[in-house]
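Chemist: compute the structure for the input listed below.
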Amino acid sequence: MKTTKVFFTVSLGSLLLSSVACFGQSGDSASRIYSNATYNTTPAFTKGTNVINLGIGLGGDYSYFGPGYIQIPDFVVSYENGTFGNVGPGTISLGGLLAFTGTSYTYFNEPTGTTYTDRWMYSILGFRSAYHLNVPSCPRFDPYAGLMLAYYYVGYSHTGSDAPYTYYYSSAYPSYLSPSVFIGARYYLSNTVGLWAELGYGYSNLAIGVSLKM
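Modeler: Numbers count the residues shown, from 1 in each chain. Have a look, this model is predicted:
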């Protein structure tokens, strides 16, 4: 878990530094940088843009968490399409998200010498919409904020170990719909590849990863 936190810190720091550097350029400097014919100077996200995001997340809106619980990182895949262009200074996207995560709790019953482990696995399917602010002076930068409505499918399993015997059973917990909000940004390292990060309340509290523009 400590390694995961370091990875998140370094990745998020890289994205923030890249964004600050982008905005820190003067108009003339930006013109020289983006005058290179190999780089597209149009805003990063416009009508017709298609982006696939791959990443991992930490935290989130789950029923079981707290002291003694361990959560595995979210594994996230999302898609966005620039559906409505020229909406004020930006573009509205529609898309979807698929994520997987889980929590577990292991405890030891000293009087009986039995170890128990409970696991909850979440599969999340969400519909998302976001507003992307166009930043003409910094075409590599794509800040956005949005809403998501997601269906959370919850699987549960229980394992007990009382040497030399073990037992196992599983079941499905009640699944549910849940809304969430998020704010994020992407910074493109090239015309098609970028870094992204999101903060929010929903499938995760902090997610980071790689974006592929098509």
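Chemist: pLDDT weak spots in the protein?
Modeler: Within the chain, the ranges that satisfy pLDDT under 70 run 1-41, 64-66, 163-165.
Chemist: how close does the nearest residue to Val87 once chain neighbours are set aside get to Ile208?
Modeler: The spatial neighbour of Val87 that comes closest, neighbours along the chain excluded (CB to CB, 6 or more residues apart in numbering), is Tyr131 at 7.2 Å. All C-beta atoms are positioned from the backbone trio N, CA, C, and that covers glycine. Applying CB to CB, to the nearest Å, the value for Tyr131 to Ile208 is 21 Å.
Chemist: burial count for the residue nearest to Val87?
Modeler: A count of neighbours around Tyr131, defined by other CB atoms under 10 Å, yields 17.
Chemist: on the strand side of things, show who it bridges to.
Modeler: Taking DSSP bridges as the rule, Tyr131 bridges to Ile92, Ala145.
Chemist: contacting residues around it?
Modeler: Contact analysis of Tyr131 by CB atoms under 8 Å, 6 or more residues apart in numbering lists 87, 90-93, 144-146.
Chemist: most neighbours, which of those?
Modeler: Neighbour-wise, these (other CB under 10 Å) top out at Thr91, 27 neighbours.
Chemist: how close does that one sit to Leu177?
Modeler: Taking CB to CB, one finds Thr91 at 27 Å from Leu177.
Chemist: next: Leu125.
Modeler: Computed as CB to CB, the Leu125 to Leu177 distance reads 10 Å.
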